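**Q** quick one: sequence and predicted model below, then my questions.
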Amino acid sequence: MIIANFLDALASVIDLVLWAYVWVLVARALVSWVNPDPYNPIVQALYKLTEPVLFPVRRLLGGHGLGIDFSPLIVILVIYFLQKFLVRTLYEIAIQLR
């Protein structure tokens, strides 16, 4: 019962963190459409939170000549997959343990 409650809470927290990160990615994408002040603390925070995840995806995609950065979309799709697979699996394990 304790493990079931722990897994249920863990799944909820992971889901919440993933959704929050999606919104950070959306904010980063919206900011990139304008010419943001690179010294603005909000812009700096968005870049610090997203660049460690987006840079490897950009490197894998390789196509910088397109002019469109698809890395936020790819990361959002991965997050969606994690929510549908990982979070649901944790919830189901918690239900089975009860």
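**A** Cool, got the structure. Numbering: from 1, shown residues only.

**Q** quick check, residue 58 in contact with residue 72.
**A** No - using CB atoms under 8 Å, residue 58 makes no contact with residue 72, being 9.8 Å away. For glycine as for every other residue, the C-beta is placed from the backbone atoms N, C-alpha and C.

**Q** between these two, which one's more packed in?
**A** Higher neighbour count among residue 58 and residue 72: residue 72, with 20 against 16, using other CB atoms under 10 Å.

**Q** residue 91 and residue 8, how far apart?
**A** In this view, residue 91 and residue 8 are 7 Å apart by CB to CB, to the nearest Å.

**Q** and what of residue 42?
**A** 34 Å.

**Q** which one of these two is surrounded by more residues?
**A** Taking neighbours as other CB under 10 Å, residue 42 and residue 8 compare with residue 8 leading, 17 against 11.

**Q** now that one: closest residue in space, sequence neighbours ignored.
**A** Spatial nearest neighbour of residue 8, chain neighbours left out: residue 94 (4.2 Å); criterion: CB to CB, 6 or more residues apart in numbering.

**Q** thanks again, I'm all set now.
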